[in-house]
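J.: Mind folding the following:
(2 chains)
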Amino acid sequence: MPRIRWHILVFLAPAVLVYTAVMIFPLFNTLRLALYDEIGQVRVFVGLANFETLFGDPLWADAFWNALGNNFWFFCVHMLVQNPIGILLAAILSQPRLRFAALYRTAIFVPTILSFVIVGFAWKLILSPIWGIAPGMLDAVGLKSLFAPWLGQDGTALTTLALVSVWQFVGIPMMLIYAALLSIPEEILEAGEIDGITGIAAFWKIKLPLILPSIGIISILTFVGNFNAFDLIYAAQGALAGPDFATDILGTFMYRTFFGFQLQLGDPHMGSAIATAMFGIILLGVCIYLFGIQTRMRRYQL
Amino acid sequence: MQRKLTTLLLSSVVFAAASGAFAQDTTIIIESWRNDDLQLWQSEIIPAFEASHPGIKVKFTPSAPAEYNAVLNSKLDAGSAGDLITCRPFDASLALYDAGQLADLSDLPSMANFSDVAKSAWTTDDGSATFCVPMASVIHGFIYNKDAFAELGLEVPVTEDEFFAVLDAIKADGTYTPMAMGTNDQWEAATMGYQNIGPNYWKGEEGRLALISGAQKLTDPQWIAPYATLNRWASYLGDGYEAQTYPDSQNVFTLGRAAIYPAGSWEISGFNGLADFEMGAFKPPVMNAGDTCYISDHTDIAIGLNAASPNAEAARTFLDWVGSTEFAELYANALPGFFSLNSTPVEMSDPLAQEFVSWRDQCESTIRSTYQILSRGTPNLENETWNASVQAIKGTKTPEEIGAELQAGLASWYAPQQN
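T.: Have a look, this model is predicted:
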């Protein structure tokens, strides 16, 4: 009979207990809460009725699909802007001939550690039509006519906030790719050089295939992060995610419903239903990645 | 959360026990969200009460505004809440009364000092019981830069045509932004816009009550017309008003860069400290000279009795004093812009506050149309009105579309509006 290794249990216990208490239990309790409703101050089991309301009642469904659509756009901007720029920056930084590389690396990474509240507030000031430096800077180069109150217009607010978020987080893909690029052995690149593959061609033909798994990881991190996003929108536009819900994403929609806002009383049960839907969407996305993409990705033994 | 709550409750029990052991007088404790006013209560209001009522000690123990309702509800459930409860207007307090946690105060002698409108925020739907003593209301109107008006030779507008003529004149001159308001934070558009000018269209209480009874609908002309007027405001707001926030507007006005500020009277004390020009106020313009004017005199804060209080007798004495003219004068002068709801006129020293409160004699008072009953369901009419007012100003939806949308939302849960 194998001996029980007590020390393993003892060392695992703190992490397991804390994680269970703050993550696993609340998660399952939220899923459970979504199946209940409060009728006359009593909590009753209602099955899937909350989801029927969420997807069937036009007042709820419109808000949900609007938030989901905005969330997809938010994600698209990150995938199309943040990650390519991050890869580009990493490729530039990994050039051995680049001077002040450490300075650039730090400067680009610093916004990542700033609080959302500070980022939201600072960018609101920068872009403010009254006090902001953006109109002044555009004016200095004769492009004042291009300035618009971007955060206040239905058409531009979400993209503006997505780009602010890109500015804040571009350091993360940059760092991950940078690390992956550094781990490529010199011999491989030298072997390529002998075969006549240098410069840009070396990046496309040798480095990119080798960092693809890292790009995959970054994509899934971006996906999870964006579909859980809430803070920046809340800090910049408030819980009503104006103008006209143009910046409303699943996170702000859930917050408004769960905790209530102004005269609207909170509804934990509908809020949980939205949180459950968010959980389902993220789970689906991660599964598609894990089983559909990651297993088919070619890996090279370095 | 549970543990934190338990600790909180335990500590408050210990605290209450400790204070009970040392005090020989009856000590009554006030729960409030007005932590900004702590200084004022301790240095002015409580000493004034204790001087005239020996044997009763008062403690003011406010919590953070955003947490107040949650903290108060858990304290009430656990039986550790203070004797006196500061009441939010309408449904939040009504729910406490319905749950038996606030006592009926209809028979308090000083209740006679308040009109029905003043009491409406803390009265049951059928009007049978009032459960909080009204403390203060805020009045809507427009604050203007007197120096700018003098410089441009402008008169205070009375009718809507004059109002827009004044705005045109300021715009043509170009020195000042005609009106300081933005739509970024949304609530100003509804509160300082729609609820400010609206009562003149829907005739104050008459329209508000008709909406509650279902006799009028949000698609009726008197409810849509203010949105059309708001749309005309857009060209007088500063460049980029779409991204202008509430603090932006306050600063633009107090820096003297704008001539008119659609306001609530709560701005007075803040503006007094910031603006170095003379300020005046005018009431929302009427259609034709001589029309009856209506103002939004919104009941905002009151105080009630914890039904489980062991010191009910002392607490009622205090509440009766809150309903007196003495308290009204103290409070209104310490916080200009928070007006006493007492029927007896209160002497106030602040000229701007005097101007606001003088409209009560000239106009009919009403409260914000969306606050009573109509914001009980989902979607919430007040929150919807914020967005609707912004859409009206920007012109992204016509007033008719806005009215139809709001009506559909209200009718989806409010029975009297469903036929």
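
J.: ok, now which ones touch the residue lying closest to A:Ile282 once chain neighbours are set aside?
T.: Spatial nearest neighbour of A:Ile282, excluding adjacent residues (C-beta to C-beta, 6 or more residues apart in numbering or on different chains): A:Phe227 at 5.1 Å. From N, CA and C alone the C-beta is placed, and that goes for glycine too. Applying C-beta atoms under 8 Å, 6 or more residues apart in numbering or on different chains to A:Phe227 gives the contacts A:71, A:75, A:250, A:278, A:281-282, A:285.

J.: name the helices or strands packed onto the helix or strand where A:Met254 lies?
T.: A:Met254 belongs to helix A:250-259 when assigned by DSSP states H and E. If contacts are counted by 3 or more C-beta pairs under 8 Å, 6 or more residues apart in numbering or on different chains; DSSP states H and E, helix A:250-259 sits against helix A:58-77, helix A:231-237, helix A:268-287.

J.: which residues touch the helix or strand of chain A with the lowest mean pLDDT?
T.: One helix or strand of chain A scores below all others by mean pLDDT, DSSP states H and E: strand A:264-265, with a mean of 74. Under the criterion C-beta under 8 Å, 6+ apart, residues A:256, B:91, B:375, B:378, B:380, B:382-383 lie in contact with strand A:264-265.

J.: Could I get these in a markdown table, plus columns for pLDDT, distance to B:Asp173 and neighbour count?
T.: Formatted as a markdown table, those follow (pLDDT from 0 to 100; distance: C-beta to C-beta, whole Å; neighbours: other C-beta atoms under 10 Å in any protein chain shown):
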| residue | pLDDT | distance to B:Asp173 | neighbour count |
| --- | --- | --- | --- |
| A:Arg256 | 88 | 43 | 27 |
| B:Asp91 | 81 | 46 | 17 |
| B:Ser375 | 82 | 41 | 24 |
| B:Thr378 | 83 | 47 | 19 |
| B:Asn380 | 86 | 41 | 23 |
| B:Glu382 | 89 | 37 | 21 |
| B:Asn383 | 87 | 38 | 24 |
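
J.: Farthest-apart pair in those, please.
T.: A:Arg256 and B:Asp91 (17.7 Å; C-beta to C-beta).

J.: In terms of helices and strands, where is the closest residue to A:Met175 other than its chain neighbours?
T.: Spatial nearest neighbour of A:Met175, chain neighbours left out: A:Phe109 (6.3 Å); criterion: C-beta to C-beta, 6+ apart. Following DSSP H and E, one finds A:Phe109 within helix A:101-109.

J.: does any bit of the helix or strand following that helix sit next to chain B?
T.: Using DSSP H and E, the helix or strand that follows helix A:101-109 in sequence is helix A:116-126. Yes - under the criterion of C-beta under 8 Å from any C-beta of the partner chain, chain B is reached by helix A:116-126 at A:Lys124.

J.: Quote the end-to-end distance of stretch B:346-356.
T.: 12 Å (C-alpha to C-alpha, to the nearest Å).

J.: If we go by neighbour counts, what in that stretch is buried?
T.: Neighbour-count burial for stretch B:346-356, with 16 or more other C-beta atoms under 10 Å in any protein chain shown as criterion, is recorded at B:346, B:348, B:350, B:352-353, B:355-356.

J.: Which members of those occur in helices, if any?
T.: Among the buried residues of stretch B:346-356, the members falling in helices (DSSP state H) are B:352-353, B:355-356.

J.: so can I have JSON lines of those showing distance to chain A?
T.: Output for those, formatted as JSON lines (distance: C-beta to the nearest C-beta, whole Å):
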{"residue": "B:Leu352", "distance to chain A": "25"}
{"residue": "B:Ala353", "distance to chain A": "26"}
{"residue": "B:Glu355", "distance to chain A": "28"}
{"residue": "B:Phe356", "distance to chain A": "24"}
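
J.: Would you mind putting these into CSV with pLDDT and distance to B:Leu108 alongside?
T.: Output for those, formatted as CSV (pLDDT from 0 to 100; distance: C-beta to C-beta, whole Å):
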residue, pLDDT, distance to B:Leu108
B:Leu352, 92, 32
B:Ala353, 91, 27
B:Glu355, 92, 32
B:Phe356, 93, 28
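
J.: Which residue, other than its chain neighbours, is closest to A:Tyr234?
T.: A:Thr252 (6.0 Å).

J.: count of neighbours near that neighbour?
T.: By other C-beta atoms under 10 Å in any protein chain shown, 26 other residues sit near A:Thr252.

J.: Just the pLDDT for it.
T.: On the pLDDT scale, A:Thr252 is placed at 94.

J.: What residues does it make contact with?
T.: Neighbours of A:Thr252 in contact, by C-beta under 8 Å, 6+ apart: A:67, A:230, A:233-234, A:239, A:241.

J.: same thing but at 10 Å, please
T.: A:67, A:70-71, A:229-234, A:237-241, A:245, A:261 (C-beta atoms under 10 Å, 6 or more residues apart in numbering or on different chains).

J.: residues touching B:Cys266, list them.
T.: Slight slip there: residue B:266 is Trp, not Cys. B:136, B:138-139, B:298, B:300, B:335-339.

J.: 7 Å - rerun?
T.: Contact analysis of B:Trp266 by C-beta atoms under 7 Å, 6 or more residues apart in numbering or on different chains lists B:138, B:337-338.

J.: try B:Asn288
T.: Counted by C-beta under 7 Å, 6+ apart, B:Asn288 has contacts B:Thr159.

J.: restrict the contacts of B:Trp266 to those near chain A?
T.: With the criterion set as C-beta under 7 Å from any C-beta of the partner chain, no member of the contacts of B:Trp266 is near chain A.

J.: Show me which of those residues is closest to chain A.
T.: B:Val138 (15.7 Å; C-beta to the nearest C-beta).

J.: Parallel or antiparallel, list what pairs with the strand or helix carrying the closest one.
T.: Here B:Val138 sits within strand B:132-145, counting by DSSP H and E. Strand B:132-145 has the following strand partners under DSSP bridges: strand B:258-264 (antiparallel), strand B:279-282 (antiparallel), strand B:294-305 (antiparallel), strand B:339-340 (antiparallel).

J.: Pull the contacting residues for the nearest residue to B:Pro310 once chain neighbours are set aside.
T.: Closest residue in space to B:Pro310, ignoring its immediate chain neighbours: B:Asp83 at 7.8 Å, by C-beta to C-beta, 6+ apart. By C-beta under 7 Å, 6+ apart, the contact list for B:Asp83 reads B:28-29, B:306, B:309, B:311, B:315.

J.: returning to that earlier point: got the buried residues of stretch B:346-356 as TSV, with distance to B:Leu105 columns?
T.: TSV is the format used below for these (distance: C-beta to C-beta, whole Å):
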residue	distance to B:Leu105
B:Val346	21
B:Met348	26
B:Asp350	30
B:Leu352	32
B:Ala353	28
B:Glu355	32
B:Phe356	28
